[in-house]
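S.K.: I'll drop the sequence and a predicted model, then ask my questions.
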Amino acid sequence: MRRTPAAPTTAPESALSRLLEVETRLEAMLKEAHAQAEATLREARNRAEARGVALAAELATVDTELSVTLAAEAAAQMAEQREAIARVRSRYEAVDDRGVEALGGWVVEQVLQRMGTQVP
């Protein structure tokens, strides 16, 4: 029994139809890959945006805490300066006329001693 060969046009048509079928499937896979890539990009953008918002909120919190800390430190330093000024003021306010005379006498005595030790 001899086989009859298939018509010569059938094999190329069959190969062509298979190629078209593969091309169609590849196009569908490419579209799906593009859709998945777009979804991945959207998700990444959304996560980045959410992270940016979270970082901005965290920065605002840290900024507020730092501002409060710096304000408290500045207030404490100002209070210390006020206390130091009050102590100095009280020392000078405590000097009476006798204290001024005694201090003046001491200054004159110091000047005279130094002048006496200098060679003209």
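M.R.: Here it is on my side, so go on.

S.K.: contacts, neighbours, all on C-alpha from now
M.R.: Fine.

S.K.: can you list the weak-confidence ranges in the protein?
M.R.: 1-10, 118-120 (pLDDT under 70).

S.K.: in it, which spans are helices?
M.R.: Secondary structure of the chain, counting by DSSP state H: helices at 10-93, 97-117.

S.K.: including mean neighbour count, could those go into TSV?
M.R.: Shown next, in TSV, are the helices of the chain (neighbours: other Cα atoms under 10 Å):
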stretch	mean neighbour count
helix 10-93	12
helix 97-117	11
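
S.K.: distance check, Gln113 against Glu21.
M.R.: 119 Å (Cα to Cα, to the nearest Å).

S.K.: an error on my part: the question was meant for Ala54.
M.R.: 49 Å.

S.K.: Ala86 now?
M.R.: Counting by Cα to Cα, the gap from Ala86 to Glu21 is 96 Å.

S.K.: before we move on, what about Ala15?
M.R.: Taken as Cα to Cα, the span from Ala15 to Glu21 is 10 Å.

S.K.: noted, bye for now.
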